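Engineer: Structure of the sequence below:
(chains A, B, C and D)
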There are 2 protein chains.
Amino acid sequence: MTRSRVTVIDIARAAGVSKSTVSLVLQASPLVNEQTRAKVNAAIRELGYVYNRGAANLRQTASSKIVGIVVNDLTNSFFAELAVGMDMVMQSAGFVQFLANTGESLDRQREVIASMHEHGISGLIISPARGTEAADFKPLTAAGIPVVIVVRNIAGAKVSSLLSDNYAGAREATEHLLSLGHRRIAFLGGFSDTTVALERVHGYRDALVQAGIAADDALIVNSAPSRAGGVAAVERAMLLAEPPTAALCFNDAVAFGVCDGLRARGVEPGRDFGVVGFDGVIEAQAAVPALTTVSVDPQGMGRRAAQMLLKQINSGRVEAEAMVTSVRLAVRQSCGAAMKDMGRRNTA
Amino acid sequence: MTRSRVTVIDIARAAGVSKSTVSLVLQASPLVNEQTRAKVNAAIRELGYVYNRGAANLRQTASSKIVGIVVNDLTNSFFAELAVGMDMVMQSAGFVQFLANTGESLDRQREVIASMHEHGISGLIISPARGTEAADFKPLTAAGIPVVIVVRNIAGAKVSSLLSDNYAGAREATEHLLSLGHRRIAFLGGFSDTTVALERVHGYRDALVQAGIAADDALIVNSAPSRAGGVAAVERAMLLAEPPTAALCFNDAVAFGVCDGLRARGVEPGRDFGVVGFDGVIEAQAAVPALTTVSVDPQGMGRRAAQMLLKQINSGRVEAEAMVTSVRLAVRQSCGAAMKDMGRRNTA
DNA sequence: AAGATTTATTGGATCGTTCCAAACGAGTCA
DNA sequence: TGACTCGTTTGGAACGATCCAATAAATCTT
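Structural biologist: This is a model prediction of the structure:
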């Protein structure tokens, strides 16, 4: 069954031409005569020829048409949507992608980057695991392989990055909760050793200070950035002597968990307590109550990151480009604004 | 910057040996002298050599250490968890994976399969898009590349498959709702042109018939297998002259949507209405009410599928193997059993 | 009709690795 | 001393596609 592969030489023989001509046909070169092209294509179809990209990639001028994508947690909808956005662009551009999940493990990350490098990726998009250092990309950049960092920044890495405006988003969300009359606003979820969390907390704090409210550190509760983490965080927050009346959550997964946790203690999110998420995953719209969230449009971000990488791959010139995408607050029901504040902002 | 690649020849020169010896060192062959090995390894480190797998794969005896994974909808947690399970096993086995999302498009699926084939995958795991035919795998199997179909079966495909016991799961779930006293039980979500949906509906029907209840087709409501689809399905179901008091949902995403839809009309899932999902995604445990669901353990299924494929890749011999994994009903709160039925089944 | 030009086609070297058969030096045996 | 090991090492021919320079054939110039 496992017959030896059909090669250009077999096609050449069958079509009565040389392998060079077959190669030209494969590349849709205008140099070849129409009849010859037809003969060759017929032979290709007949023999069931499969192009061997590995062989073609040997010549160092060629591009492998493979990119690597590394994310931390694919079970988080945010990353899943991000990956889907990248996938769309890459597929359309004729690329395939290696995708690896690190689960925040630096070892795994190092391994997959090395493995992808050996397999000849022409570019990498990575949402780095916590603790990643600029040096981790050294082997790739030294080989002239463009890298785009998404979501989380790495200090000192001389590669491109695509981040969301965490500070502005958190600030706007907090201001929104303040405008609804809340004075005890918590920040729930996330680990404060990541830049992302720090930036969001920073925006949150500044909004409070601006409103003349003393930031209370007890209202900042760390937890895993997951649904379960959200449940845990809100439980701790509600045990405070002066519990919050609203919360900005580290991300949407935490926000869903916070809604769960509130309901578990008979508090209805959106009516008795204001909840705002961060990310703008698809479920945020469908959920009840629909989640008010700082939308970063994960799929769109994935698409942009992919385009950014493709641009660098195609240009051949690797020059780091730092891009911060703006975010927008999608006001829905979970913040409690729907009744009082209807129509002031778009809810799509 | 983009210096020409460092090759075995460069290493050989630097270490004062031949390229053959370097090759032996790379393969950790016992033939080479310890001192030589040390010299070579030093040179490798010093020059920053990166193994070129593409070149090695040219020789037809070699295995590419790449597998392809194709799924329908990565934004569905079920598939995301499935992919993560596969990723774990593949990473540990030293494989990297191409991952592609088809979004149920047959064209995309055809393209990505062809593209992966060109790139030299040594195996493929696929959750086929609706409408996939056995012939779509022909090019791969003809080349001796093992294929494992997961989740959805394809009639007549002479490749391995790993499916969950949809019939038994749906039947058990329905029986459970019946045992709680429900008589008007709906089946919500999914498209009835997929085998998965048909099997689940079949199990649902048989359980009703067994209990002496006439199956009412109006209670079977098709919709997209997503959270939004669940909202839509339950809305239609509740408009019936005799609305259901409980529902078995096509999958967990639909079940979450059904909970949302119920709440939107003031019906509390788990108290006023029994909801059972299918899949057993992680969020099912964290949600409030925790989702009663037919757990197929998506990550475990992904791991098993990966192991199945690896076994075939390593054995060299491709013989189709059909495996049906059993499922178990995880009784939690959303079905309303928690109060009446506490402790009868495990809830983990 | 000879030279210049255009249009098609082609051999061979090349990419980086593996693998085989051969060769090497050093020791062993008869 | 020659034949024979044994443990290491090594050229060179693959693998399958690309690309350059060269060629062949057809067309155009004058």
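Engineer: domains for chain A, by residue range?
Structural biologist: Domain assignment of chain A by automatic domain parsing yields the ranges A:8-51, A:66-165+A:298-325, A:166-297+A:329-340.
Engineer: Poorly predicted segments of the stretch 201-348 of chain A, please.
Structural biologist: Along the stretch 201-348 of chain A, segments meeting pLDDT under 70 span A:318, A:338-348.
Engineer: Quick check: residues of it near chain B?
Structural biologist: Contact residues (C-beta under 8 Å from any C-beta of the partner chain) of the stretch 201-348 of chain A with chain B: A:226-228, A:231, A:256-257, A:259-261, A:263-264, A:282-283, A:285-288, A:318. Where you see a C-beta, it was placed from the backbone N, CA and C, and this is true even at glycine.
Engineer: so how many other residues sit close to the closest residue in space to A:Gly131 that isn't next to it in sequence?
Structural biologist: Sequence neighbours aside, A:Leu106 is the residue nearest to A:Gly131 in space, at 5.4 Å (criterion: C-beta to C-beta, 6 or more residues apart in numbering or on different chains). Using other C-beta atoms under 10 Å in any protein chain shown, the number of residues around A:Leu106 comes to 15.
Engineer: How about the one 4 residues further on?
Structural biologist: In terms of burial, A:Arg110 registers 15 neighbours under the definition other C-beta under 10 Å.
Engineer: Quick check: closest non-adjacent residue to it.
Structural biologist: In space, A:Arg110 is closest to A:Asp136, 6.7 Å off (C-beta to C-beta, 6+ apart).
Engineer: The one you found should be in a strand, yeah?
Structural biologist: No: under DSSP: H, G, I helix; E, B strand; the rest coil, A:Asp136 sits outside any strand and is assigned helix.
Engineer: Report pLDDT for it.
Structural biologist: A:Asp136 carries a pLDDT score of 96 in this model.
Engineer: Among the residues of the stretch 201-348 of chain A next to chain B, name the buried ones.
Structural biologist: Among these, those scoring as buried are A:226-228, A:231, A:256-257, A:259-261, A:263, A:282-283, A:285-288, A:318 (criterion: 16 or more other C-beta atoms under 10 Å in any protein chain shown).
Engineer: In helices only, show me those.
Structural biologist: Here DSSP state H is the test, and these give A:227-228, A:231, A:256-257, A:259-261, A:263, A:283, A:285-286 as lying in helices.
Engineer: Quick check: the residue nearest to A:Arg110 vs A:Ala114, distance?
Structural biologist: Distance, A:Asp136 to A:Ala114, using C-beta to C-beta, to the nearest Å: 10 Å.
Engineer: Among the two, which residue is more densely surrounded?
Structural biologist: It is A:Asp136, of A:Asp136 and A:Ala114, that has more neighbours when counted by other C-beta under 10 Å, with 19 against 14.
Engineer: Could you double-check that that one sits in contact with A:Val112?
Structural biologist: No: counting by C-beta atoms under 8 Å, A:Asp136 does not reach A:Val112; the two are 11.3 Å apart.
Engineer: and stretch A:73-83, how far from the chain's centre?
Structural biologist: On the basis of C-alpha atoms, centre = their mean, to the nearest Å, stretch A:73-83 sits 7 Å off its chain's mean C-alpha point.
Engineer: what about it, average pLDDT?
Structural biologist: 96.
Engineer: So which residues of the stretch 151-300 of chain A form strands?
Structural biologist: Here the stretch 151-300 of chain A has its strands, by DSSP state E, counting those that start in this stretch, at A:160-164, A:185-188, A:220-221, A:246-249, A:274-279, A:292-295.
Engineer: Quick check: which of those is nearest to DNA strand D?
Structural biologist: Closest of these to DNA strand D is strand A:160-164, at 26.5 Å (criterion: C-beta to the nearest atom of the strand).
Engineer: tell me the angle of the closest one relative to strand A:274-279?
Structural biologist: If you take axes from the mean of the first three to the mean of the last three C-alpha atoms, to 10 degrees, strand A:160-164 sits at 160 degrees to strand A:274-279.
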